[in-house]
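Novice: Structure for this input, please:
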Amino acid sequence: MRLAAIDVGSNSVHMLVAEVSREGHIEVVDRVKEMVRLGRRSFTTGRLTPEAMDLAVRALVNFKRLARMRKVDRLRAVATSAVREARNRADFIARIKRETGLTVEIISGLDEARLIFQAAHHALGLDGGPHLLVDVGGGSVELVLVRDGRPLWMRSVKLGVARLAERFFGDDPPTRAQLARLEAHLEREIGTLMRATRKAGVVRAVGTSGTINTLVAMARAARGEELGRLHGASASAGEIAELKRDLVEANAAMRVELPGMDAKRADLMPAAATLVNYVMRKSGAPELVACTWALREGVLLGLARGIDSHSASDSRRRSVNALSSRFAGANKHGKQVAKLALTLFDATAPVLGLPKASRELLEFAALLHDIGHAIDHDRHNRHSYYLIRNAELFGFDPDEIEVIAQAARGHRKQAPKLDSPDLKALNPARRRVVRGLAAILRVADALDRTHFGVVKDIGVSYSPGRVIIGVDSGNEKADLELWTCERRTDLLSRLLDRQVVLQR
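Specialist: As a prediction, the model looks like this:
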């Protein structure tokens, strides 16, 4: 089913078009955004400006055309804080209906928080915790405290960055007095709530807005990292505090030049950084994790119906299965390799020093190791690496995706080298995991060399100086598998410090 969600926000108007599978996987078909600034002056005057309404209606006319071209089956459009609070909202909604044919639903702050929570839950799972979900919009901020995938409370507060910048920051950069007044306002509005969050023992904040993404991107740029995929990327509370100091001391021209800055948000970032730093400091959250799913994705999930929230483990497996299905179809070879690889893992992990949590990463690397064939047979392992790194895999942190991608890349030809730039970018523990998983995956892949599932099962035993892999192929010949495997045991043998011997 092809669905579309439109978000008429205080800063921008967005549309997301996606295919939704029966299994609940959402694959984005198109995204479009127009910065219209409906919230400009409306939070102080109580009215949407004619200029902003003109821009919004023009954008929605084009969105409607795009939805028709994309053959959208169902569409839902919602409006948030700026429209919700405007005295001329009825006239604006009527004009949209008249000129575009779209029915825009004005949702409450709590409905907004609920939809954002559903999206983040679907994308990250939010197991354990408690986690503080933070969505920073132009007019409002939605806060949800989540433990084990369930909301303990939800709040929508009128602390959006367009509202705060307009009300408190008359100078650029803001003066100390203006910053102090904003801090005092934040304390009055959410101070008690943040102290209760600290008392609950929050383990991290999860941010779901473009503003949050910009802050995380800036933190990564300051660390000298490539921006790449932001979903699951993080910034420490200390990094947010440093960014806040830089942003409130710079004027607009200087802010635009800061690494990682989204130029269209530069005027709002001093207020945004002050707000987010306050939330981090007062709640005690040690890190801020970016979640690229937010209100629009929540609207899509609601449209799809029947798609329930899942645990983080479900999100991970569902997104891996969707990626493998997209590029490898039924993927019988990947599933066979995963089965053999997990048996090898269980027998060798203690000797290799691999943590239990890496077992799941090995399974996913095995399921995805050959998807690069969809691009080209030659160097397909490198194509697999690229696809895994750049896919929309949910429920993983960036290092986990890197481990899966590097292990998949190492399944053939050259094994991961210690001086490889990609490997060196990981910490020593992760590097050890990559090499261990690649060593196992090389053997498991070789044992299904013909892709016919000739090897039914394997057993692993140890003798002095040797690791013996017993191969059960039933009544079928496994000569090609054994011949290939003998040439793929080098890394595993080296890491185990034992000769790997194959027996039928």
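Novice: Local confidence estimate at the closest residue to Thr49 other than its chain neighbours?
Specialist: Excluding its sequence neighbours, the residue lying closest to Thr49 (CB to CB, 6 or more residues apart in numbering) is Arg41, at 6.0 Å. To be clear about C-beta, it is placed using only N, CA and C from the backbone, and glycine gets the same treatment. Looking at Arg41, its pLDDT reads 87.
Novice: I'd like to know how far Arg41 sits from Phe117.
Specialist: 31 Å (CB to CB, to the nearest Å).
Novice: which of these two has more neighbours?
Specialist: Using other CB atoms under 10 Å, the more surrounded residue of Arg41 and Phe117 is Phe117, with 23 against 16.
Novice: In the stretch 51-200 of the chain, mark out all the strands, start to finish.
Specialist: 74-79, 104-106, 131-136, 141-147, 150-157 (DSSP state E, counting those that start in this stretch).
Novice: Mind putting the ones you listed into JSON lines with mean neighbour count?
Specialist: Below are those laid out as JSON lines (neighbours: other CB atoms under 10 Å):
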{"stretch": "strand 74-79", "mean neighbour count": "20"}
{"stretch": "strand 104-106", "mean neighbour count": "18"}
{"stretch": "strand 131-136", "mean neighbour count": "26"}
{"stretch": "strand 141-147", "mean neighbour count": "24"}
{"stretch": "strand 150-157", "mean neighbour count": "16"}
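Novice: Go through the ones you listed and name the closest to His121.
Specialist: His121 lies closest, by CB to CB, to one member of the strands of the stretch 51-200 of the chain: strand 141-147, at 7.4 Å.
Novice: angle of the closest one against strand 150-157?
Specialist: Strand 141-147 runs at 170 degrees relative to strand 150-157, counting by axes from the mean of the first three to the mean of the last three CA atoms, to 10 degrees.
Novice: Could you list every helix and strand that strand 141-147 packs against?
Specialist: Packing contacts for strand 141-147, counted by 3 or more CB pairs under 8 Å, 6 or more residues apart in numbering; DSSP states H and E, involve helix 109-124, strand 131-136, strand 150-157, helix 176-200.
Novice: any idea which residue sits dead centre in this structure?
Specialist: Centrality entry for the chain: nearest residue to the mean C-alpha point is His231, 2.6 Å, by CA atoms, centre = their mean.
Novice: Check the residue nearest to it when sequence neighbours are not counted and give its pLDDT.
Specialist: Of all residues not flanking His231 in the chain, Thr292 sits nearest, at 4.2 Å (CB to CB, 6+ apart). In this model, Thr292 is scored at 86, pLDDT.
Novice: cool, and Glu226?
Specialist: Confidence at Glu226, expressed as pLDDT, is 76.
Novice: again, but for the one 3 residues further on
Specialist: The predicted local distance difference test score for Arg229 is 74.
Novice: looking at this, the residue nearest to His231 is in a strand?
Specialist: No - secondary structure assignment (DSSP: H, G, I helix; E, B strand; the rest coil) places Thr292 in coil, not in a strand.
Novice: Count the neighbours of it for me.
Specialist: Look at Thr292: counted by other CB under 10 Å, it has 21 neighbours.
Novice: Kindly list the main-chain dihedrals of it?
Specialist: Here is the backbone geometry of Thr292 (degrees, to the nearest 10): phi -80, psi -10.
Novice: so it makes contact with His122?
Specialist: No - taking contacts as CB atoms under 8 Å, Thr292 lies outside contact range of His122: 11.9 Å.
Novice: So which bits of the helix or strand where Val434 lies are buried?
Specialist: Using DSSP states H and E, Val434 maps to helix 428-446. Buried residues in helix 428-446, counted by 16 or more other CB atoms under 10 Å: 430-446.
Novice: just stretch 47-61 next, same as before
Specialist: For stretch 47-61, a neighbour-count test (16+ other CB under 10 Å) marks Arg47, Leu48, Thr49, Ala52, Met53, Leu55, Ala56, Val57, Ala59, Leu60 as buried.
Novice: Return the distance of it from the chain's centre.
Specialist: Stretch 47-61 sits 31 Å away from the centroid of its parent chain (CA atoms, centre = their mean, to the nearest Å).
Novice: That one - what's its average pLDDT?
Specialist: 95.
Novice: CA atoms only for it, dumped as CSV, please.
Specialist: Extracted C-alpha coordinates of stretch 47-61, given in CSV (Å, rounded to 0.1, in the frame of the first residue of the first chain):
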residue,chain,number,x,y,z
ARG,A,47,-2.4,35.3,13.6
LEU,A,48,-0.7,33.5,10.6
THR,A,49,0.7,36.1,8.2
PRO,A,50,-0.6,36.3,4.6
GLU,A,51,2.9,35.7,3.2
ALA,A,52,3.4,32.5,5.2
MET,A,53,-0.1,31.2,4.3
ASP,A,54,0.6,31.9,0.6
LEU,A,55,3.8,29.9,0.7
ALA,A,56,2.1,27.0,2.5
VAL,A,57,-0.8,26.8,0.1
ARG,A,58,1.6,26.9,-2.9
ALA,A,59,3.6,24.1,-1.4
LEU,A,60,0.5,22.0,-0.7
VAL,A,61,-0.7,22.4,-4.3
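Novice: Run through who's touching it.
Specialist: 6, 8, 13, 34, 36-38, 40-42, 77, 82-83, 86-89, 92, 95-96, 99-100, 102 (CB atoms under 8 Å, 6 or more residues apart in numbering).
Novice: ok, back up a step: now the element after the helix holding Val434, going C-ward?
Specialist: Under the assignment DSSP H and E, the closest C-terminal helix or strand after helix 428-446 is strand 457-463.
Novice: Can you name every helix or strand that that next one contacts?
Specialist: Counting contacts by 3+ CB pairs under 8 Å, 6+ apart, strand 457-463 is packed against helix 332-352, strand 466-472.
Novice: For Val36, give its distance to Asp172.
Specialist: Distance, Val36 to Asp172, by CB to CB: 22 Å.
Novice: Oops, could you answer that again for Ile6 instead?
Specialist: Separation of Ile6 from Asp172 (CB to CB): 32 Å.
Novice: Please apply the same query to Thr45.
Specialist: To Asp172, Thr45 is 21 Å away according to CB to CB.
Novice: Who has more neighbours out of the two?
Specialist: Neighbours were counted for Thr45 and for Asp172 using other CB under 10 Å; Asp172 has more, 15 against 12.
Novice: quick one: contacts for Pro398?
Specialist: Applying CB under 8 Å, 6+ apart to Pro398 gives the contacts Gly228, Arg229, Gly232, Ala233.
Novice: what sits against the residue nearest to His231?
Specialist: By CB under 8 Å, 6+ apart, the residues touching Thr292 are Ala123, Thr208, Asn213, Leu230, His231.
Novice: Tell me which of those residues fall in helices.
Specialist: Among these, the subset assigned to helices under DSSP state H consists of Ala123, Asn213.
Novice: Show me which pair in the contacts of Thr292 is furthest apart.
Specialist: Within these, Ala123 and Asn213 form the most distant pair, 13.4 Å apart (CB to CB).
Novice: more crowded one of the two?
Specialist: The neighbour comparison of Ala123 against Asn213 (other CB under 10 Å) goes to Ala123, with 27 against 22.
Novice: Verify the stated contact: that one with Glu297.
Specialist: Yes - with contacts counted by CB under 8 Å, Ala123 reaches Glu297, the gap being 7.1 Å.
Novice: how is the protein carved up into domains?
Specialist: Domains of the chain are assigned by automatic domain parsing as 2-107, 110-294, 312-503.
Novice: Out of those, flag the one nearest Ala304.
Specialist: Once those are compared by CB to CB, domain 2-107 is nearest, at 4.6 Å.
Novice: Start and end of the closest one, how far apart?
Specialist: The straight-line separation of the ends of domain 2-107 (CA to CA, to the nearest Å) is 23 Å.
Novice: Might you calculate how far stretch 198-205 sits from the centre of the chain?
Specialist: That offset, for stretch 198-205, works out to 21 Å (CA atoms, centre = their mean).
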